[in-house]
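Chemist: need a structure here:
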Amino acid sequence: MNKIVNFIELHSGEEDKKKVLDNVTSNISFRGSNLWILACAIVVASVGLNVNSTAVIIGAMLISPLMGPIVGAGFGLGIYDFNLLQKSLKNLLIATLVGLIVSTIYFYLSPFKEAQPELLARTAPNIYDIFIAFFGGLVGVIATTRVEKGNPIPGVAIATALMPPLCTAGYGLALGNFKFFFGAMYLYTINCVFICIATFIIVKYLKYPIVKQTDLKTEKRVRYIITFLTLSLIVPSIFFANQLFQEKKYKEKVEEFIKAELVDKGFTVLYKKTQFTSNPKKIDIAFLRRRLDKNEVIKLNEKLKTYELNNTVLNIIQDTTDLKQDILNEITFNNKSTSEKDLIIAKLQNQMMSLKFDNNAILNETKILFPDIENIAVANHIFNENKENEKVITVVLYESKTEINADEKEKLSAWLKNKFKTEVVEIYKRQ
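Modeler: Down below sits the predicted model:
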């Protein structure tokens, strides 16, 4: 048993406690160079979030000095050095205010206001962020107390990610989006508090000398404060984690529904979008060619409950012209790294769809109005593409035993203009 204890104990390779405390104390201050480094790191991180560059964000986290006062606060609590604790919290507040001011100014002046995925990732923290902050903090303080610091310190700076949520909060302030601001500040608070708690635990375990002798009442007060902070941060994060889990489960059921009821039955799904947070939840779907009538849409909606997709509405988008821009926006938003070639292909595919018509449906209507017409094909054609006088003409090719007269052709033209909201319709008989 002693061998196992010796194998996992932390006293071996420990740095002199006085030297560790001196290093911790020297790193909590934000004056002069430290303040400049922080401000520059904030700008670098803000640029990385603005252009969605993970590498730039990581670089900003590595040069950030934000860990210093948080670790100092943990040591101050652990050894009951309330002067150190007060000084650490004061400097952390200064650093936080500087970070918010600099990032807010940057995002206010930046011409790019769109919320990138790297920004959005910092607005909805959950229980997993607590695990990262706590265990990252453990690694950080253990490395701080070692003679050989090794590689953990840079890794802790990246894993705990103090800088990105602070910059995201600045983004929320700059745009007046307080949902972003409070979500990012919640994540920032989680990181600060749980790094501090992890530091407190290791300082207690390594039995750092207490600076000021305290009575049992004071020790209990410290434990109560830590317990209160822990619970007040854990409870909401569990709720957010559960929301994340429920959303993932819901999307898996949506995929199962789409595969079984649509893809496996020959439908080519061109576009799909799930809105989990709306009430009722929504599933938007568009097909490559197939069009559904009202009864078919109702039947598909009724089948949603079979897949436990309750309180959900299935919306079949059948106007591909309106869909064109939505698809391009969705591609751009969800995958900023999509190559220019892929975007061009997507654009051309959707442009082709916008020029096509459901000729079978048109023929059924045409036969009612114009019984002599046996077949019909309608398509949009672009003339003078990419020029100032570019125009779209709807061309109609029909088959009939006899050519329709001028009056009938005029009626057909007027009907099609009204139906497709177009100004020019040219009609020809197929020879």
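
Chemist: is it true that residue 92 lies in a helix?
Modeler: Yes - residue state for residue 92 (DSSP: H, G, I helix; E, B strand; the rest coil) corresponds to a helix.

Chemist: The nearest residue to it once chain neighbours are set aside and residue 26, how far apart?
Modeler: Leaving out its chain neighbours, the residue that sits closest to residue 92 by CB to CB, 6 or more residues apart in numbering is residue 69, at 4.0 Å. C-beta: built from backbone N, CA, C; applies to glycine. Between residue 69 and residue 26 the computed distance is 12 Å (CB to CB, to the nearest Å).

Chemist: who's more crowded, those two?
Modeler: A side-by-side neighbour count of residue 69 and residue 26, using other CB atoms under 10 Å, places residue 69 first with 28 against 10.

Chemist: any idea whether that one is helix, strand or coil?
Modeler: Residue 69 - assigned by three-state DSSP - is helix.

Chemist: Show the contacting residues for it.
Modeler: Going by CB atoms under 8 Å, 6 or more residues apart in numbering, residue 69 touches 27, 28, 30, 88, 89, 91, 92, 95.

Chemist: ok, 6 Å please
Modeler: Contacts for residue 69 (CB atoms under 6 Å, 6 or more residues apart in numbering) come out as 28, 88, 91, 92.

Chemist: now the helix or strand harbouring the second one: mean pLDDT?
Modeler: Under the criterion of DSSP states H and E, residue 88 resides in helix 82-109. Model confidence over helix 82-109 averages 91 on the pLDDT scale.

Chemist: Next, the buried residues of it.
Modeler: 84-85, 87-89, 91-92, 94-96, 98-100, 102-107 (16 or more other CB atoms under 10 Å).

Chemist: And the residue nearest to residue 68 when sequence neighbours are not counted, how close does it get to residue 37?
Modeler: Once flanking residues are discounted, residue 68 sits nearest to residue 27: 3.6 Å by CB to CB, 6+ apart. Relative to residue 37, residue 27 is positioned 12 Å away (CB to CB).

Chemist: that older thread, give the other helices and strands that the helix holding residue 88 contacts.
Modeler: The contact analysis (3 or more CB pairs under 6 Å, 6 or more residues apart in numbering; DSSP states H and E) places helix 82-109 against helix 33-50, helix 67-78, helix 163-175.

Chemist: And those: which comes nearest residue 143?
Modeler: helix 67-78 (10.5 Å; CB to CB).

Chemist: can you pull the buried residues of that closest one?
Modeler: Neighbour-count burial for helix 67-78, counted by 16+ other CB under 10 Å, picks out 67, 68, 69, 70, 71, 72, 73, 74, 75, 76, 77, 78.

Chemist: re earlier: looking at residue 27 and residue 37 now, which is surrounded by more residues?
Modeler: Neighbour totals were compared for residue 27 and residue 37, and residue 27 leads with 17 against 14 (other CB under 10 Å).

Chemist: wouldn't that one be in contact with residue 70 here?
Modeler: No - contact criterion CB atoms under 6 Å: residue 27 and residue 70 do not qualify, at 10.2 Å.

Chemist: Please tell me how far the closest residue in space to residue 276 that isn't next to it in sequence sits from residue 313.
Modeler: Among residues not flanking residue 276 along the chain, residue 247 sits closest, at 4.7 Å (CB to CB, 6+ apart). Going from residue 247 to residue 313 by CB to CB gives 17 Å.

Chemist: Am I right that residue 375 falls within a strand?
Modeler: Yes - counting by three-state DSSP, residue 375 is part of a strand.

Chemist: To which secondary structure element is the residue nearest to residue 276 assigned?
Modeler: Judged by DSSP H and E, residue 247 forms part of helix 216-261.

Chemist: now that helix, how far from the centre of its chain.
Modeler: Taking CA atoms, centre = their mean, to the nearest Å, one finds helix 216-261 lying 18 Å from the centre of the chain it belongs to.

Chemist: Now the element after the helix holding residue 88, going C-ward?
Modeler: On the C-terminal side of helix 82-109, the nearest following helix or strand under DSSP H and E is helix 117-120.

Chemist: Quick one: residues in contact with that following helix.
Modeler: Residues contacting helix 117-120 (CB under 6 Å, 6+ apart): 49, 52, 168.
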